[in-house]
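J.: Pasting the sequence and the predicted model now:
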Amino acid sequence: MIDEEDYYFKLAEGSLFEEAMALHYQRYQEVGFIKEDEDDPYVNSSKYFVVQTVDTQEVVGVTRLIFNPLQDLPTIRYFDIFEEQMEKLMLLDSGKYAEVSAFTKMPKHDVGLGLIRTIFKYSMETDLSHWVCCVDERVYRYLNRIFKFPFEVIGEPTVYLGSKSIPCMLNISECLVALKEKRKPLYDYLMESENKTIGEEV
């Protein structure tokens, strides 16, 4: 169990933006997802979100939302997307979708759900309706177990950044309706704006 009063979850601005990018690069290099000095073409079109420890202000977790045009999102570029799903995505207004990316944290800091809540809240505040993402097969199974709501598969799984990944889409409003019915503690947690203690019981 984690006491979230030990952490700040926030949009990364100013120097925090640089720290968020640094952690992303560091962790992805450690696991072999990116090479040293490899350029990231999505930095300037992304909003980064971080977790900081209250006591030391250290950034221990990060994720981002990429706001490129649909065809330029990494999942759409690098995966074979099903025609039917692509047609659905193309019906969305620009500004209604973003790609979730760069999700990582330091070991011994169980802050993953807090990061997810942070981008949920930001998405609702900015009227985003859909997320696009590509997730490792094991992470995909974990997310479906936690959320009890399927991240909709929109294309063929393929090896991306060193692991077999699944291209997915999440309808945010549909997910929240399902959570309210099937995973009420998790729904309440995602809707809560203040830091609370959270654990696997959600």
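T.: Done, it's in.
J.: Using the centroid of this protein, identify the residue furthest from it.
T.: Asp55 (25.2 Å; CA atoms, centre = their mean).
J.: So for the nearest residue to that residue once chain neighbours are set aside, what's the pLDDT?
T.: Nearest residue to Asp55, sequence neighbours excluded (CB to CB, 6 or more residues apart in numbering): Asp6, at 7.4 Å. No exception for glycine: its C-beta is placed from N, CA and C like everyone else's. With respect to pLDDT, Asp6 has a value of 89.
J.: For Asp6, grab the count of nearby residues.
T.: For Asp6, the neighbour count with other CB atoms under 10 Å is 15.
J.: Leu91 too?
T.: There are 8 residues near Leu91, going by other CB under 10 Å.
J.: measure it to Arg138 for me?
T.: 31 Å (CB to CB, to the nearest Å).
J.: My understanding was that the residue farthest from the centre of the chain contacts Glu5; is that so?
T.: No: taking CB atoms under 8 Å as the definition, Asp55 is not a contact partner of Glu5, at 11.0 Å.
J.: So Asp93, which state does it fall into?
T.: What DSSP: H, G, I helix; E, B strand; the rest coil gives for Asp93 is coil.
J.: hang on, Lys10 in a strand?
T.: Yes: with three-state DSSP as the criterion, Lys10 is part of a strand.
J.: Please, which helix or strand holds the residue nearest to it when sequence neighbours are not counted?
T.: Leaving aside its sequence neighbours, Lys10 sits nearest to Val50 (CB to CB, 6+ apart; 6.3 Å). According to DSSP states H and E, Val50 maps onto strand 46-53.
J.: Show me what that strand packs onto, helices and strands only.
T.: When contacts are defined as 3 or more CB pairs under 8 Å, 6 or more residues apart in numbering; DSSP states H and E, strand 46-53 sits against strand 7-11, helix 15-30, strand 59-66, strand 97-105, helix 112-125.
J.: try 6 Å this time
T.: strand 7-11, helix 15-30, strand 59-66 (3 or more CB pairs under 6 Å, 6 or more residues apart in numbering; DSSP states H and E).
J.: Tell me which strands that strand pairs with, and in which orientation.
T.: strand 7-11 (antiparallel), strand 59-66 (antiparallel) (DSSP bridges).
J.: and it, which residues are buried?
T.: For strand 46-53, a neighbour-count test (16 or more other CB atoms under 10 Å) marks 46-53 as buried.
J.: tell me which of those is nearest to Leu113?
T.: Distance to Leu113 across these (CB to CB) is lowest for Val51, with 10.7 Å.
J.: In the chain, where is pLDDT below threshold?
T.: Along the chain, segments meeting pLDDT under 70 span 1-4, 28-38, 193-202.
J.: got a list of what the most centrally placed residue in it touches?
T.: The centroid of the chain falls nearest to Val100 when counting by CA atoms, centre = their mean (4.1 Å). Val100 is in contact with 131, 133, counting by CB atoms under 6 Å, 6 or more residues apart in numbering.
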